[in-house]
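Student: structure for this input, please:
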Amino acid sequence: MTISFDKAFGIHQHALVTRSSRAELLASNLANADTPGFKAKDMDFQAALSQAQNNQGFSLARTSQQHFAVNLAPPGSVQFRVPNQPDTGDGNTVDVQTERNSYMENALQYQASLEFLNGKISGLLKAIKGESM
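Tutor: Now for the predicted structure:
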């Protein structure tokens with residue numbers, strides 16, 4: 001009997017890669033907060049996750065008509081962020097508070113996926129060793 005890691009880990013293995021890429025993008029925005037002419041970028045997480053899933057042969061399916069439909073955006077997930085503050089004259093569109101909030105939210109979601117995967121791996125190890133759960 002073989003173990004399918006794609007089935008065992010589900011979407012979280014793809015979410016980690018996508019969240020890591022988004023963290024780099026948000027960190028770049030924060031690092032360039034004082035760079036004249038720098039345009040803040042962000043990632044459409046759903047589009048990036050969809051692209052990662054398609055590259056791995058993983059997909060989501062609705063199991064009931066009562067579930068919400070998930071409309072994933074097409075690939076090309078990195079986009080310039082629409083500024084929510086007026087131009088200060090230097091052309092920089094980075095709002096430090098927005099970037100910090102987005103970075104923290106992304107970090108928490110990354111940690112949640114790590115915890116889920118850790119639990120799955122622990123369960124698989126117990127199953128392999130024959131320990132009771």
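Student: quick one: the strands in this structure?
Tutor: Per DSSP state E, the chain carries strands over the ranges 41-43, 78-80.
Student: looking at the ones you listed, which is buried most?
Tutor: Of all the strands of the chain, strand 41-43 carries the top mean neighbour count, a mean of 19, counting by mean count of other C-beta atoms under 10 Å. C-beta here means a position set from N, CA and C on the backbone, and glycine is covered the same way.
Student: strand partners of it, parallel vs antiparallel please.
Tutor: strand 78-80 (antiparallel) (DSSP bridges).
Student: on the strand side of things, show who Asp42 bridges to.
Tutor: Gln79.
Student: that one contacts Leu26, correct?
Tutor: Yes: with contacts counted by C-beta atoms under 8 Å, Asp42 reaches Leu26, the gap being 7.2 Å.
Student: now do the shared contacts for these two.
Tutor: Residues touching both Asp42 and Leu26 (C-beta atoms under 8 Å, 6 or more residues apart in numbering) are Ser102.
Student: regarding this structure, what is its longest helix?
Tutor: Scanning the chain for the longest helix, with DSSP state H as the assignment, gives helix 96-129.
Student: can you spell out which helices and strands pack onto it?
Tutor: helix 5-9, helix 12-31 (3 or more C-beta pairs under 8 Å, 6 or more residues apart in numbering; DSSP states H and E).
Student: reformat those as TSV; add mean neighbour count.
Tutor: Shown next, in TSV, are the helices and strands packed on helix 96-129 (neighbours: other C-beta atoms under 10 Å):
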stretch	mean neighbour count
helix 5-9	13
helix 12-31	18
